[in-house]
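Q: I would like the atomic coordinates for the input below:
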Amino acid sequence: MDMRYCERWMNDRRVLRLNDLEHRGFVLAMTWSVSNRTDGVITAGDLPYLPQPVTRETLEALCRAGLASEELAGDEVVWVMTDYSTSQTSRAEFDSMTAAREQKKIAARNRRSTNRVGEGGPEFSDVPVTTQASASASASASAQGQEKDKSAGTKEVSGDSEPATSWPVAAIPGEVDPDTFDWLSREVA
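A: Presented below is the predicted three-dimensional model:
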């Protein structure tokens, strides 16, 4: 969730007439409202938790500029950011987006679980197979193939019956192999 600084505020007289402290207070009050999903409502009890320079005086300056309004909610004074509903995402929209993301996660998890090998899904998986698991699966398949060959009465075995367990080490470019160039090991006279 992010607070949007609208392009129109760059030409809005209400914003342009704010001094630096009030302008920072406006941006921070709007950002705090978005991050706390208050739909632009700031209570007197919230004031100690807002970042500086958002104070009662700053909010009153925003009210004079027409960027906030002071209202009574029961017996409590609250400030409502006037452009919040037209410029920011509401709490209901955030909740709806969060629920939609959760539904997508559940659907993806269900798809992955039905596509696993051996559970009636296709014979491939979107989960990467490690080299060790691949080697043991290859050895197992090779052993099963040999058993089938023995039961059929044939003794033909594929040439690559053993899984690869190690690979040759590649030379680093610019590095000289002393075995290849034995003259490096000779003493210079």
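
Q: only C-alpha atoms for contact and neighbour calcs from this point on.
A: Noted.

Q: end to end, how far does stretch 11-29 reach?
A: End-to-end distance of stretch 11-29 (CA to CA, to the nearest Å): 20 Å.

Q: Please identify the buried residues of it?
A: Neighbour-count burial for stretch 11-29 flags Val15, Leu18, Glu22, His23, Arg24, Gly25, Phe26, Leu28, Ala29 (criterion: 16 or more other CA atoms under 10 Å).

Q: what residues does that stretch touch?
A: Stretch 11-29 has contacts (CA atoms under 8 Å, 6 or more residues apart in numbering) with 5, 9-10, 50-55, 58-59, 61-62, 65-67.

Q: hmm, which of those are the buried ones?
A: Buried residues within the contacts of stretch 11-29, counting neighbours by 16+ other CA under 10 Å: Leu50, Pro53, Val54, Thr55, Thr58, Leu59, Ala61, Leu62, Ala65, Leu67.

Q: biggest separation within those residues, which pair?
A: Across the buried ones among the contacts of stretch 11-29, the longest distance by CA to CA is 20.0 Å; it joins Leu50 and Ala65.

Q: Helices of the protein, residue ranges please.
A: According to DSSP state H, the chain carries its helices in the segments 13-16, 20-35, 56-65, 84-87, 91-114, 131-152.

Q: okay if I get those as CSV plus distance to Ala44?
A: Shown next, in CSV, are the helices of the chain (distance: least, CA to CA, whole Å):
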stretch, distance to Ala44
helix 13-16, 23
helix 20-35, 13
helix 56-65, 8
helix 84-87, 18
helix 91-114, 20
helix 131-152, 61
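
Q: Deepest-packed of those, please.
A: Most buried of those, by mean neighbour count (mean count of other CA atoms under 10 Å): helix 20-35, with a mean of 19.

Q: quick check: angle from it to helix 56-65?
A: 90 degrees (axes from the mean of the first three to the mean of the last three CA atoms, to 10 degrees).
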